[in-house]
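> Got a sequence here, can you model it:
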Amino acid sequence: MPSIHSSVDLVENLLTPRQTQVAQAYAKHGSAPAVADVLAISLETVRSHVKAIQQRTHQRSMLKALLVLIAKGIITNPFASDNMST
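Below you'll find the predicted structure:
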């Protein structure tokens, strides 16, 4: 039976730091072109990260992948009231 620590490690290591950054930007900005602009990377690089994120979360859509990542606490919900700037 896996320990609690190994479960935490699996969640923490689900995505690379750059994939986490791309996922958070995608959640906030909503499209691959916007993420490419914000992170100053190519659209193809964003698409590559999106594909990897979907594979690692076992989801067929980026929206579902983002919901999984928010639920696991890997990224924050950009629309949550505590994340909204006034």
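> In the protein, where's the longest helix?
Longest helix in the chain by number of residues (criterion: DSSP state H): helix 43-57.
> what helices or strands is that one leaning on?
Packing partners of helix 43-57 (3 or more C-beta pairs under 8 Å, 6 or more residues apart in numbering; DSSP states H and E): helix 17-29, helix 32-39, helix 62-71. For every residue, glycine as well, the C-beta is placed using N, CA and C.
> List the buried residues for the shortest one?
Going back to what we said before, that points to helix 32-39. Neighbour counts over helix 32-39 (16 or more other C-beta atoms under 10 Å) mark 32, 35-36, 39 as buried.
> now swap in stretch 62-75 and tell me
Buried, per 16+ other C-beta under 10 Å, within stretch 62-75: 62, 65-66, 68-70, 74-75.
> Which one of those residues is nearest to residue 52?
residue 65 (10.0 Å; C-beta to C-beta).
> so that closest one touches residue 57, yeah?
Yes - using C-beta atoms under 8 Å, residue 65 is in contact with residue 57, at 4.3 Å.
> and which of the buried residues of helix 32-39 is nearest residue 45?
residue 36 (7.3 Å).
> surely that closest one meets residue 46?
Yes - using C-beta under 8 Å, residue 36 is in contact with residue 46, at 4.8 Å.
> Next up, the contacts around the residue nearest to residue 33 when sequence neighbours are not counted.
For residue 33, ignoring the flanking residues on the chain, the nearest one in space by C-beta to C-beta, 6 or more residues apart in numbering is residue 43 at 6.0 Å. By C-beta atoms under 8 Å, 6 or more residues apart in numbering, the contact set of residue 43 is 32-33, 36.
> buried set for stretch 17-29?
So for stretch 17-29, counting by 16+ other C-beta under 10 Å, buried means 19-29.
> With pLDDT and distance to residue 81 as extra columns, can I get these in a markdown table?
Converted to a markdown table, the buried residues of stretch 17-29 look like this (pLDDT from 0 to 100; distance: C-beta to C-beta, whole Å):
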| residue | pLDDT | distance to residue 81 |
| --- | --- | --- |
| 19 | 97 | 26 |
| 20 | 97 | 22 |
| 21 | 97 | 23 |
| 22 | 98 | 24 |
| 23 | 97 | 21 |
| 24 | 97 | 18 |
| 25 | 98 | 20 |
| 26 | 98 | 21 |
| 27 | 97 | 15 |
| 28 | 97 | 15 |
| 29 | 96 | 19 |
